[in-house]
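Asker: A predicted structure for the sequence below; I have some questions about it.
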Amino acid sequence: MEHQNSVIKVENISKTYGAGESAVMAVKEASFEIFKGETVALLGPSGSGKTTLITMIGCITEPTGGKLFLDGKIIYDDGWKIHDTRQLRREKIGFIFQSHNLIPFLNVEENVTLVPIMNGLSDEVAKTKAKELLDYLGVGDKLNVKPSQLSGGQSQRVAIARSLANNPKIILADEPTAALDGERALSVMQLLKKLAKEQDVAIVVVTHDDRMIPLFDKIIRVNDGYITKE
Amino acid sequence: MINLAQKDIAHSLGKFLTTATGVGMLLGVVLIMIGVYRGLVDDASILLKDTRADLWIVQQDTLGPFAESSRIHEDIKHQIKLFKGVKDVSAVTFQSLQLYRNALPIRVFAIGYDIGSFYTPHLLAEGRSIIASHFEIVVDAKTGFKLGERITIGRDIFTVVGVTRDAVSSSGDFMVYFSLSDAQKIQFLSSNEQIRNDRARNSDQGATTSTANAIIATLHDGFDPKEVAQEIERWKHIKVFTQSEQLDILTKNLVERSSKQIGLFTFILLLVASVIISLIIYTMTMGKIKEIAILKLIGASNTTIIKMIVQQSVWLGVLAFIAGNIFSHSVVDLFPKRTILITSDALALLVIVILVSIAGSLFGVKSALKVDPASAIGG
């Protein structure tokens, strides 16, 4: 029976790239569970398998073995894909990247409203929600500005607003503070933690930065494809 | 819904417009080629239509002066005129001439006709038709000659009494008009040296100044040209064509091969334009790989991505088409031969361009669908 607050459940999940002698096992039988409102850090050196792990949770990379449950539903079962993963990403998952990865030809408002509108929300409702989020994140005055005109910190805030715009159950962040200085990095992480609590969102953050560790509820260490410590 | 194609175009508008202009110039060349073909076909029939004749009487076993050499005695016209239904006749001669203006050669096509007959240069824009039997000439405006100007041809000097507009022969040469007797003299009268030489050789060229290339005739209302033609052919050793038969001969014999040539060239140009549009769309799509990866990552459907690429491609095609039209209309008058740009051709090209743009975008779409959303995430 699933824990009623379980949002991500990973059971013996593995990922192997290539086949035969050249096969590389990037993630080896990883298992863990993440609950609503939790902020979790995926820590590990470069090449340890944390990005592969986060892309499997984000339904971007298909596991070669094991089971993945998101929001109580089984998504992968021993190599079988059970769900329309693109729709699942659009409806339940928000992404934040190391370099904000905003769409350069859309302004701030359009970047934030794109996914909700794709999900069927009316333009007006999506715009109202985007304004609220951007105001909350302190960039509400940048609605009509293109990403190229924003500072690094502002861009990351817009990226956070975009990740929240579809009311996700999960936010997956890949080194969201890597491009920011210490003070701004801390501010962004504190903001993510606050959002996790307020909006009951599970946040998984891939990071190298040990200084951020005290801010997380749970730390998952990955080394050479294995979960070494939870 | 946010129109991604429109937003992307607006984001790099200058680059997009420059690309569209480049492709547009290529499409402009396609339009001009079609216009050259139209001009060729139209030019071919100008002379024929200008005669306003119902029948063409030509040398037996020939297809007439537009297809091959035709010589006929001028006086046959008097017998033709006696046939039932025939209203009026004119003997006509056709020949290519080289005139000189300010020492520069001008190639023209000369027609000689019976002054006082039904025939007159209907494209006359200035001055008058020929009245005097000798030494008057009507020229087309594009020859550069002006009213009252005097032109030396052979041993004689001719005065320009009339100027036509857009009067060209089937080969696109500008028309000039003479009285029949002058034209016969220019075409059939040998020089003194030639006459002496012919006498010494005891030879006879067979052509005299009473020779014409064809007799043209008009009919009274209510007479069927085909029936009258058959009646004339029954009695005379000549060949008679109706105006429409002569037009068919003209277009089939003279224009068909040229039009095929131009058609093939136009097709190749369209093919080149298609390849270029495909390459541009492919390159544009490759330049957006990261954005496409992000779109896929945040859950954009394939339909959304395909729509963005195809819409951009169609927009490129439509803008290029507009640019092509502006370009072709700007330069059309610079062409020495008539080039006719018509709306229906342009609309047909628009449909082709849209189809080509959609087809051209398929390579870009194929590449976009292969983009791995994971590539948007750093390792």
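Answerer: Received it, and whenever you're ready, just let me know what you need. All of these numbers come straight from a predicted model, not from anything done at the bench.

Asker: residue ranges of the strands in chain A, please?
Answerer: Applying DSSP state E to chain A gives strands spanning A:6-17, A:24-35, A:39-43, A:65-70, A:73-77, A:80-81, A:93-96, A:170-174, A:202-207, A:218-223, A:226-229.

Asker: And A:Val40, how far from A:Val27?
Answerer: 16 Å (Cβ to Cβ, to the nearest Å). The C-beta positions use only the backbone N, C-alpha and C, and glycine is treated the same way.

Asker: should've said B:Val318
Answerer: Applying Cβ to Cβ to B:Val318 and A:Val27 gives a distance of 49 Å.

Asker: which residues touch A:Lys50?
Answerer: Shown in contact with A:Lys50 (Cβ atoms under 8 Å, 6 or more residues apart in numbering or on different chains): A:42-44, A:206, A:222.

Asker: the helices in the chain, which residues?
Answerer: Let's take chain A. A:50-57, A:85-92, A:108-118, A:123-136, A:152-164, A:182-199 (DSSP state H).

Asker: Oops, wrong one, chain B.
Answerer: Counting by DSSP H, chain B has helices at residues B:4-11, B:13-51, B:76-80, B:180-188, B:192-201, B:225-235, B:243-249, B:256-286, B:289-297, B:302-331, B:343-370.

Asker: Flag the shaky bits of chain A, pLDDT-wise.
Answerer: Within chain A, the stretches with pLDDT under 70 are A:1-4, A:179, A:229-230.

Asker: So which residues on chain A come close to chain B?
Answerer: A:46-47, A:51, A:54-55, A:58, A:60-61, A:86-91, A:93, A:95, A:97-99, A:101, A:103-106, A:110, A:113-115, A:117-118, A:123, A:146, A:162, A:174-175 (Cβ under 8 Å from any Cβ of the partner chain).

Asker: ok, the closest residue to A:Asn166 other than its chain neighbours to B:Phe241 distance?
Answerer: Distances taken as Cβ to Cβ, 6 or more residues apart in numbering or on different chains put A:Val115 closest to A:Asn166, at 4.7 Å, once the chain neighbours are dropped. Using Cβ to Cβ, A:Val115 is found at 74 Å from B:Phe241.

Asker: Next: A:Ile117.
Answerer: Distance of A:Ile117 to B:Phe241, given as Cβ to Cβ: 70 Å.

Asker: Please identify which of these two sits among more neighbours.
Answerer: Neighbours were counted for A:Ile117 and for B:Phe241 using other Cβ atoms under 10 Å in any protein chain shown; B:Phe241 has more, 23 against 19.

Asker: Give me the neighbour count for A:Asp123.
Answerer: Neighbours around A:Asp123, by other Cβ under 10 Å: 12.

Asker: so how many other residues sit close to the residue nearest to A:Arg157 when sequence neighbours are not counted?
Answerer: Using Cβ to Cβ, 6+ apart and skipping residues adjacent in sequence, the residue nearest A:Arg157 is A:Leu137, 4.3 Å away. Residues near A:Leu137, counting by other Cβ under 10 Å, number 21.

Asker: Show the contacting residues for the residue of chain A found nearest chain B.
Answerer: Residue nearest to chain B within chain A: A:Arg90 (2.5 Å; Cβ to the nearest Cβ). Listed by Cβ under 8 Å, 6+ apart, the contact partners of A:Arg90 are A:115, A:118-119, A:166, B:298-300.

Asker: same thing with A:Leu191?
Answerer: A:137, A:157, A:160.

Asker: Counting neighbours, what do you get for the second one?
Answerer: Read it as A:Arg157. By other Cβ under 10 Å, 25 other residues sit near A:Arg157.

Asker: Now do it against B:Gly154, distance only.
Answerer: Separation of A:Arg157 from B:Gly154 (Cβ to Cβ) stands at 92 Å.

Asker: Flag every residue of the stretch 201-350 of chain B that's near chain A.
Answerer: Close to chain A, as judged by Cβ under 8 Å from any Cβ, the stretch 201-350 of chain B has residues B:290-291, B:294-301, B:304.

Asker: Going by proximity to chain A, name the top residue of chain B.
Answerer: Counting by Cβ to the nearest Cβ, chain B gets nearest to chain A through B:Gly299 (2.5 Å).

Asker: OK, contacts around that residue?
Answerer: Counting by Cβ under 8 Å, 6+ apart, B:Gly299 makes contact with A:86-91, A:93, A:115, A:118.

Asker: Same question for A:Pro176.
Answerer: Counted by Cβ under 8 Å, 6+ apart, A:Pro176 has contacts A:96-98, A:156, A:159-160, A:188-189, A:192, A:205, A:207.

Asker: Does the residue nearest the centre of chain A have any beta-bridge partners, and if so which?
Answerer: Chain A has A:Leu172 as the residue nearest its centroid, 0.9 Å off, counting by Cα atoms, centre = their mean. Counting by DSSP bridges, A:Leu172 is bridged to A:Phe95, A:Val204.

Asker: gap between it and A:Val40?
Answerer: With distances taken as Cβ to Cβ, A:Leu172 is found 10 Å from A:Val40.

Asker: residues touching residue 157, list them.
Answerer: I'll assume chain A. So A:Arg157 contacts A:134, A:137-139, A:188, A:191 (Cβ under 8 Å, 6+ apart).

Asker: oops, chain B please
Answerer: By Cβ under 8 Å, 6+ apart, the neighbours of B:Ile157 are B:135, B:150-151.

Asker: Most neighbours among these, please name it.
Answerer: Busiest of the contacts of B:Ile157 [other Cβ under 10 Å] is B:Ile151, holding 19 neighbours.

Asker: ok so, going back, the helices of chain B: lowest mean pLDDT?
Answerer: The minimum mean pLDDT among the helices of chain B belongs to helix B:192-201 (a mean of 72).
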